[in-house]
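In: Output the structure for:
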Amino acid sequence: MNSNANPANEKRLAGEAAIRYVEDGAVVGVGTGSTVAFFIDALASIKDRIQGAVSSSEQSTAQLKKHGIPVFDLNATGPLALYVDGADECDPHKRLIKGGGAALTREKIIAQAAQKFVCIIDSGKRVDLLGKFPLPIEVIPMARSLIGREIVKRGGNPVWRDGVVTDNGNWIIDVHGWQIADPVTLESELNQIPGIVSVGLFARRPADVVLIGDKVM
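Out: I've put the predicted structure just below:
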């Protein structure tokens, strides 16, 4: 990638490029974050062509409604043709770390419900090995210390994101110090620890398409 690339410009290009995956009459799954904000702005220009959106966060819901785009509950829509979201890291196999904005659980639910997951990033998010960005884990508050001890056993350094409460009323632990060579296995193992709501590894269900700026990875 171009080391001189402008991240803000790449985010805008990626958000606008993702519009080409939107089908007429669709309900579009929409993620969260600064790159997705550009996608929502672009989506507003074709809002008359779509039914509306399913949103992964209160932040995105507010932006969608500001543009006059109807927001639906996923239970009412059934499967989605498309989900568009950003990422904090993306490896060569389109496996991701997400959750820097603390919306990982709803993001993971919508990604699972979507036939196609388009991930929009700038080139700085592209890595060979996941883990430099701390891995976010959403936890039930009473289980925070328990989960922290389990993470330490696995060689990670858990840091409570103090003062942050998710849209689901839970807490976030960010795990530092992991180099994640097998994200699918780690995701499955962490999912078995009681009190973990969701893990910010999107490996068992990776992205189908990754756009870096307006280029397909």
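In: can you count the residues close to Lys66?
Out: The number of residues packed near Lys66 is 11, by other CB atoms under 10 Å. All C-beta atoms are positioned from the backbone trio N, CA, C, and that covers glycine.
In: Against Arg205, how distant is the residue most central in space within the chain?
Out: Centroid-nearest residue in the chain: Lys98, 4.6 Å away (criterion: CA atoms, centre = their mean). Noted for Lys98: a distance of 11 Å to Arg205, by CB to CB, to the nearest Å.
In: shared neighbours of these two, anything?
Out: Common neighbours of Lys98 and Arg205 (criterion: CB atoms under 8 Å, 6 or more residues apart in numbering): Lys108.
In: What ranges does this protein have for its helices?
Out: Taking DSSP state H, the helices of the chain run over residues 7-17, 34-44, 58-66, 74-77, 104-113, 144-153, 183-191.
In: closest one to Asp122 among those?
Out: Closest to Asp122 of those, according to CB to CB: helix 7-17, at 3.8 Å.
In: Gln51 is in contact with Asp24, isn't it?
Out: No - using CB atoms under 8 Å, Gln51 makes no contact with Asp24, being 9.7 Å away.
In: So if I had to pick from the two, which one is more boxed in?
Out: Gln51 (14 against 9).
In: Now do the more buried one, the pLDDT please.
Out: We have a pLDDT of 96 for Gln51.
In: Not counting sequence-adjacent ones, nearest residue to it?
Out: Counting by CB to CB, 6 or more residues apart in numbering, Val27 is the residue found nearest to Gln51 once chain neighbours are left out, at 4.9 Å.
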